[in-house]
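A.B. asks: Here is my input, please return the structure:
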Amino acid sequence: MTPWAEEKYKVVTEGMAPDEGARDDTDPIITACAPGGMTRILQQGRPFEIFQVPGRVLIVFEVDSKVRHIWMDGREHPEDPHPTWMGHSIGRWDGDTLVVDTVGLNDKSWLDSGGHPHSEALHVVERFRRVSHDALEVEVMYEDPLAYRKPWRGKLNFQLKPDWELMEWVTCDDRIHRRLESDPCVNPSWELAVICKERGSRLRQGK
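C.D. replies: Below is the predicted model of the structure:
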């Protein structure tokens with residue numbers, strides 16, 4: 001890691017043993033109900049489906065019903081992509097391997113569940129290959145000159161589950177239900193602050 005990344009990583013892992021990774025109380029998925037981002041969503045252990053349609057490959061995730069668009073129509077990346085959680089992905093076939101190139105990721109997610117940070121300069125290259133009828137292998141290369149001194153790689157393996165169906169899986173579902181069932185003006189979010197203040201004023205006036 002670069003000094004910039006080392007400092008950010010230290011903040012989210014402080015007090016943890018070297019093999020424990022990041023703390024739950026610093027994980028943006030847990031603390032802010034934030035999306036895992038393009039790099040973590042494959043690592044979350046939830047099912048996904050892959051569809052090939054004209055000009056695109058779609059990956060539909062059980063996590064928050066997220067959909068990833070991989071453009072296969074020969075287009076290039078935008079010159080100045082607006083940073084998003086899933087980024088901008090383009091793909092091509094290299095024999096029986098789908099090679100996916102992604103840029104335009106925001107820096108609000110972690111690279112992995114261990115808490116490794118990344119910047120908006122992150123460039124990800126994935127190689128999807130079906131090694132057998134029931135097995136999918138995804139090799140991943142991360143390149144981020146602001147966060148890492150050299151590219152680093154990982155590998156993910158998945159099993160085909162033909163009898164499974166995607167379920168509804170919502171990040172922070174338990175907290176969402178508790179919040180909806182409580183008074184929104186108790187510790188209101190900034191969006192509701194003015195409304196709650198006006199409601200309190202009317203109640204005090206007996207209206």
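A.B. asks: how close does Trp164 get to Asp112?
C.D. replies: 25 Å (CB to CB, to the nearest Å). For the C-beta atoms, the positions are set from N, CA and C on the backbone; glycine is no exception.
A.B. asks: correction: Cys196
C.D. replies: Distance from Cys196 to Asp112, by CB to CB: 39 Å.
A.B. asks: Show me how far stretch 108-122 is from its chain's centre.
C.D. replies: Mean C-alpha position of stretch 108-122 versus that of the full chain (CA atoms, centre = their mean, to the nearest Å) differs by 9 Å.
A.B. asks: which residues touch that stretch?
C.D. replies: With contacts defined as CB atoms under 8 Å, 6 or more residues apart in numbering, stretch 108-122 is touched by 1, 4-5, 8-9, 12-13, 21-23, 26-28, 34-40, 43-44, 83, 85, 103-107, 142-147, 154.
A.B. asks: Next one: the residue positioned nearest the centre of the chain, what pLDDT does it get?
C.D. replies: A centroid search over the chain (CA atoms, centre = their mean) returns Gly37, at 1.5 Å, as the residue closest to the centre. Looking at Gly37, its pLDDT is 94.
A.B. asks: how near is the closest residue to Tyr148 other than its chain neighbours to Val60?
C.D. replies: Nearest non-adjacent residue to Tyr148, counting by CB to CB, 6 or more residues apart in numbering: Met1, 5.9 Å away. Computed with CB to CB, the distance linking Met1 and Val60 is 33 Å.
A.B. asks: Burial check on His123, number of neighbours?
C.D. replies: 18 (other CB atoms under 10 Å).
A.B. asks: Likewise for the one 5 residues further on?
C.D. replies: Burial of Phe128, expressed as a neighbour count using other CB under 10 Å, amounts to 21.
A.B. asks: Pretty sure it sits in a strand.
C.D. replies: Yes - counting by DSSP: H, G, I helix; E, B strand; the rest coil, Phe128 falls inside a strand.
A.B. asks: and the closest residue to it other than its chain neighbours, what is it in contact with?
C.D. replies: Among residues not flanking Phe128 along the chain, Leu98 sits closest, at 4.2 Å (CB to CB, 6+ apart). Going by CB under 8 Å, 6+ apart, Leu98 touches 57, 70, 91-92, 126-129.
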